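> next comes the sequence, and after it the predicted model I'd like to discuss.
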Amino acid sequence: MSAHRFVLGPDEVRERVDKALARLLPDLSRATIQRWIGEGRVLVSGVPCRARDAIGPGSVVDVTPGPRPETRAVPDASVSVSVVFEDEHLLVVDKPAGMVVHPARGHATGTLVNGLVARGSLGGKLLAGDGSTAALRPGIVHRIDKDTSGLLVVAKDEKAREGLKAQLQAHRVERKYLALTLGVPKSGVIESLFARHPRSRLRFTSRSKTGRRAVTHVALLEALAGGRAALVACRLETGRTHQIRVHLSEQCGTPLLADALYGRVSADPELGAIARALGRQALHAALLGFTHPWTAESLRFESGLPSDLETALAALRALAK
């Protein structure tokens with residue numbers, strides 16, 4: 001990126017330097033702008049500034065972009081990555097169950113990000129954001145749980161990252177999941193507040209008087225096992241952590257098959273055997289649609305059920321017979 005000079009006109013309002021530059025350079029994150037300010041790369045009337053300094057009509061701001069910091073994610077060539085789409089700006093992957101998306105405590109290697117860094121998809125650079133946490137998740141704009149399979153998009157540059165993040169925040173990304181449930185939920189829209197569980201840091205809850213809004217659209221596709229289980233489609237309007245798992249369990253009373261955190265051990269020996277054979281929550285990110293941040297092209301990808309869920313579905317269908 002080349003250097004920029006901005007001369008603020010008489011109609012400009014006074015505001016913080018970092019806020020003004022986030023508006024003037026919409027393809028950059030505010031964190032990146034703040035880092036450049038801290039590195040002395042932003043001058044106001046020829047003098048280095050602070051992020052909180054105010055600028056307004058007549059101010060002259062010079063910005064000299066800096067290099068992206070290196071990611072701390074260790075390349076791991078042993079991680080096999082299934083790529084369904086890739087161009088110079090982003091890629092869409094089909095993640096298998098059992099794979100963590102990015103390094104975190106207890107998962108320094110073996111994650112999707114480790115595999116992408118090894119294959120050169122992320123260029124070995126941090127795409128946006130700063131600090132130790134961001135340095136371990138380059139390009140990641142949304143996640144799916146370790147034991148959930150399916151589609152997610154990864155950004156290769158900052159414009160792609162910020163554009164995808166804006167679409168997610170505006171609920172303009174299409175995300176549909178297929179799930180197997182214990183019991184048969186009704187089709188409909190689930191809307192609730194969503195917060196961390198008061199008694200468990202690993203869990204979230206929709207039975208809270210405070211929190212963020214969460215909306216899941218549930219469609220019953222097929223009742224299974226004589227009404228003891230079901231195949232459902234869940235479309236996310238919002239994307240809270242564990243949202244589908246929590247909503248199906250708490251709001252519908254029909255938890256995911258084999259969900260060890262939000263589910264239950266079925267007293268039904270036949271369902272219990274199918275759950276044990278599956279060994280992970282029965283949830284698959286089957287559809288992903290978004291607008292390409294660079295080309296404005298509408299992209300839409302689908303992924304069929306993986307073999308372990310197909311086996312569980314066939315076993316549940318057989319029980320009805």
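Alright, I've got the coordinates.
> where does this protein have low pLDDT?
1, 70, 123-136, 321 (pLDDT under 70).
> what's the biggest strand in it, counting residues?
In the chain, with assignment by DSSP state E, the single longest strand is strand 212-224.
> which secondary structure elements does that one contact?
If you count contacts as 3 or more Cβ pairs under 8 Å, 6 or more residues apart in numbering; DSSP states H and E, strand 212-224 packs onto strand 188-196, strand 229-236, helix 243-246, helix 307-319. The C-beta positions use only the backbone N, C-alpha and C, and glycine is treated the same way.
> parallel or antiparallel, list what pairs with it.
strand 188-196 (antiparallel), strand 229-236 (antiparallel) (DSSP bridges).
> now the shortest one, how far from the chain's geometric center?
Once both centres are worked out by Cα atoms, centre = their mean, to the nearest Å, strand 229-236 turns out to sit 19 Å from its chain's centre.
> taking helix 307-319 as reference, get the angle to it.
Relative orientation of strand 229-236 versus helix 307-319 (axes from the mean of the first three to the mean of the last three Cα atoms, to 10 degrees): 140 degrees.
> over to the longest one?
Relative orientation of strand 188-196 and helix 307-319, computed by the same axes, to 10 degrees: 130 degrees.
> pick the most buried one from the helices and strands packed on strand 212-224.
helix 243-246 (a mean of 24; mean count of other Cβ atoms under 10 Å).
> immediately after that one, which helix or strand?
For helix 243-246, the succeeding helix or strand toward the C-terminus, using DSSP states H and E, is helix 269-278.
> sheet-wise, list the partners of the next helix or strand after that following helix with their directions.
Scanning forward in sequence from helix 269-278 by DSSP H and E, the next helix or strand is strand 283-291. Strand 283-291 sits in its sheet next to strand 149-155 (parallel), strand 174-182 (antiparallel), strand 298-302 (antiparallel), going by DSSP bridges.
> gap between the closest residue to V154 other than its chain neighbours and E191?
Leaving out its chain neighbours, the residue that sits closest to V154 by Cβ to Cβ, 6 or more residues apart in numbering is G139, at 4.4 Å. Using Cβ to Cβ, to the nearest Å, G139 is found at 31 Å from E191.
> which SS class is the residue most central in space within the chain?
With distances taken as Cα atoms, centre = their mean, H142 lies nearest the centre of the chain, 1.2 Å away. Of the three states, H142 takes coil under DSSP: H, G, I helix; E, B strand; the rest coil.
> let's have the strands paired with strand 283-291 in CSV, adding mean neighbour count.
Below are these laid out as CSV (neighbours: other Cβ atoms under 10 Å):
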stretch, mean neighbour count
strand 149-155, 25
strand 174-182, 24
strand 298-302, 13
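> including distance to A20, could those strands go into JSON lines?
Formatted as JSON lines, those follow (distance: least, Cβ to Cβ, whole Å):
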{"stretch": "strand 149-155", "distance to A20": "24"}
{"stretch": "strand 174-182", "distance to A20": "34"}
{"stretch": "strand 298-302", "distance to A20": "32"}
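> to R235, which of these lies closest?
Closest to R235 of the strands paired with strand 283-291, according to Cβ to Cβ: strand 174-182, at 4.9 Å.
> ok, and what's touching the closest one?
148, 150, 221, 224, 228-236, 239, 244, 248, 252, 254-257, 263-264, 266, 271, 282-290, 300, 305, 309, 312-313, 316 (Cβ atoms under 8 Å, 6 or more residues apart in numbering).
> distance from it to the middle of the chain?
Distance, stretch centre to chain centre, for strand 174-182: 16 Å (Cα atoms, centre = their mean).
> what angle do that strand and helix 269-278 make?
Going by the same axes, to 10 degrees, strand 174-182 makes 130 degrees with helix 269-278.
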